[in-house]
Structure formats: C-alpha cells, structure tokens
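Trainee: Kindly return the folded structure for what I paste below:
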Amino acid sequence: MKHRGIISVANYVLNSNELDQTVAHLLVIARNDGYAQGYAECTQHVNNALRVNWDTSWSATHGVDTEAAHVASKTEYNNLHLPVMDLVTAALQADDFAAQLKEVFPDEGDDEDLN
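Mentor: I've put the predicted structure just below:
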C-alpha cells in the first residue's frame, strides 16, 4: 500500500462522479460569467465610443447575477466532499489499518506492500 496507496486514492478521487459533476458545473458557470463580463465590458466600450446607450435587454445574461453563481460554484468546488476520503480516514484510524485499506481498495497488492 505504501507504493500504490496514494495512486489508488488519487485514482478514486480523480475518477469520482462527484468531482466530475462539480468541475463540469464550475466550467459552465465560469464560461457564462466570462461571457457576461466580456459582454458588459464590450457594451461599455460601445457606449463610450458611440455615445449611445446600447440596449442589452436581449442578452442571454441580462438580469442574471453570473458573478454570484460563479462564486457559489467555486465555493461548492472548494468544499467538495468525497465519500472515499471518509473511508480512508476511518481506515487509517483503525488498529489494523492495512486490512481496512484493503477493503477500501481491493486487489491493490500483497500484504507485504501494506506495511
């Protein structure tokens, strides 16, 4: 486990549905916020350059607080809870942590690798 344990934990974390879903959501929210911020900046440049008040009411992000959604999504990512980490923590606190870790990560090597 010394040699493969960290790799096993990393694989479980990186391949977890919870991480995939949270990252995908964060990417969509970040893209939307970037679009909204860029559109607002572009609109401001047009307004200043042409001395007009450009109508942005038809914009897909009009009236949507994309910045707050982006902040909330980043917070969700930063506070992501992965159940496998609870299993690892509990296993490491057990007297026979090697046996516990073998239950969490089956077929990860011989007993000699766990010591």
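Trainee: Wait, Val88 touches Ile6, no?
Mentor: No: with contact defined as CB atoms under 8 Å, Val88 does not reach Ile6; the gap is 10.5 Å. Glycine gets a C-beta too; all of them are placed from N, C-alpha and C.
Trainee: how near is Val88 to Val46?
Mentor: Going from Val88 to Val46 by CB to CB, to the nearest Å gives 54 Å.
Trainee: follow-up on the earlier one: comparing Val88 and Ile6, which residue is more hemmed in?
Mentor: Set side by side, Val88 and Ile6 show more neighbours around Val88, with 21 against 10, by other CB atoms under 10 Å.
Trainee: what residues are up against that one?
Mentor: Counting by CB atoms under 8 Å, 6 or more residues apart in numbering, Val88 makes contact with Val9, Leu101, Val104.
Trainee: which secondary structure element contains the first one?
Mentor: The one in question is Val9. helix 5-14 (DSSP states H and E).
Trainee: and what of the second one?
Mentor: If you go by DSSP H and E, Leu101 is part of helix 97-104.
Trainee: before we move on, back to that, what's the following helix or strand after the helix holding Val9?
Mentor: Going down the chain from helix 5-14, the next helix or strand is helix 17-50, by DSSP H and E.
Trainee: residues contacting Val23?
Mentor: Shown in contact with Val23 (CB under 8 Å, 6+ apart): Tyr77.
Trainee: Repeat that for Leu19.
Mentor: Contact analysis of Leu19 by CB under 8 Å, 6+ apart lists Val13, Leu80, Leu82.
Trainee: Any of these buried? List them.
Mentor: Leu80, Leu82 (16 or more other CB atoms under 10 Å).
Trainee: pull the CA atoms of stretch 80-100 into CSV?
Mentor: C-alpha atoms of stretch 80-100 as CSV (Å, rounded to 0.1, in the frame of the first residue of the first chain):
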residue,chain,number,x,y,z
LEU,A,80,-16.4,19.3,-2.2
HIS,A,81,-16.9,16.2,0.0
LEU,A,82,-15.8,12.8,-1.5
PRO,A,83,-17.1,9.8,0.4
VAL,A,84,-13.9,7.8,-0.4
MET,A,85,-11.9,10.2,1.8
ASP,A,86,-14.2,9.3,4.8
LEU,A,87,-13.4,5.6,4.2
VAL,A,88,-9.6,6.3,4.0
THR,A,89,-9.7,8.4,7.2
ALA,A,90,-11.7,5.8,9.1
ALA,A,91,-9.3,3.0,7.8
LEU,A,92,-6.2,4.9,8.9
GLN,A,93,-7.6,5.3,12.4
ALA,A,94,-8.2,1.6,12.8
ASP,A,95,-5.7,-0.6,14.7
ASP,A,96,-5.3,-2.8,11.6
PHE,A,97,-5.3,0.0,9.0
ALA,A,98,-3.8,-2.3,6.3
ALA,A,99,-6.8,-4.7,6.4
GLN,A,100,-9.2,-1.7,6.4
